[in-house]
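A.B. asks: structural data only, the sequence is not supplied:
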């Protein structure tokens, strides 16, 4: 088994942390709602970037809550990878979701996905998004599920 590198720690005042978590959640929702619209318009590149952005922003929400750094691509990967060791029963869904998100992100630069492949990848990231959502306390989730939050009109 490979050694998991723990995420780097970042300290900040609670009020700033709270504001940043809320900002990341609002951005995640914006991206998630835009993705199907972009796909419907045939913009597979942008839809994929919205999918990646949703994963990145929800990861940043969890990382901020835990005082983990998340300011670059590697730090986001480290945070998600740390969750694999923390939640071994969900390791496969986390790994598959991260891999799908990485493919969506890569497609933004390399344009290799069809609309169908992008839709499949979006379906594959959803379990990871649900896992990340469930790691957030009720003060941020309102006690609702990821699906309820994503379907609601408010952040």
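C.D. replies: Arrived safely, thanks for sending. No experiment lies behind these values; they were computed from the predicted model shown. Numbering: from 1, shown residues only.
A.B. asks: quick one, longest helix in this structure?
C.D. replies: helix 14-40 (DSSP state H).
A.B. asks: what's the distance between the residue positioned nearest the centre of the chain and residue 150?
C.D. replies: Against the mean C-alpha coordinate of the chain, by Cα atoms, centre = their mean, the closest residue is residue 55 at 1.6 Å. Between residue 55 and residue 150 the distance, using Cβ to Cβ, to the nearest Å, works out to 13 Å. For every residue, glycine as well, the C-beta is placed using N, CA and C.
A.B. asks: average pLDDT across the longest helix of the chain?
C.D. replies: What helix 14-40 shows for mean pLDDT is 95.
A.B. asks: tell me the buried residues in that helix?
C.D. replies: Neighbour counts over helix 14-40 (16 or more other Cβ atoms under 10 Å) mark 17, 20-21, 24-25, 27-29, 31-32, 34-35, 38-39 as buried.
A.B. asks: and it, what does it pack onto?
C.D. replies: Using 3 or more Cβ pairs under 8 Å, 6 or more residues apart in numbering; DSSP states H and E as the contact criterion, the secondary-structure elements in contact with helix 14-40 are helix 44-65, helix 115-134, helix 138-141, helix 146-151.
A.B. asks: give the rounded mean pLDDT of the helix or strand following the longest one.
C.D. replies: Going down the chain from helix 44-65, the next helix or strand is helix 73-86, by DSSP states H and E. Model confidence over helix 73-86, given as mean pLDDT, is 91.
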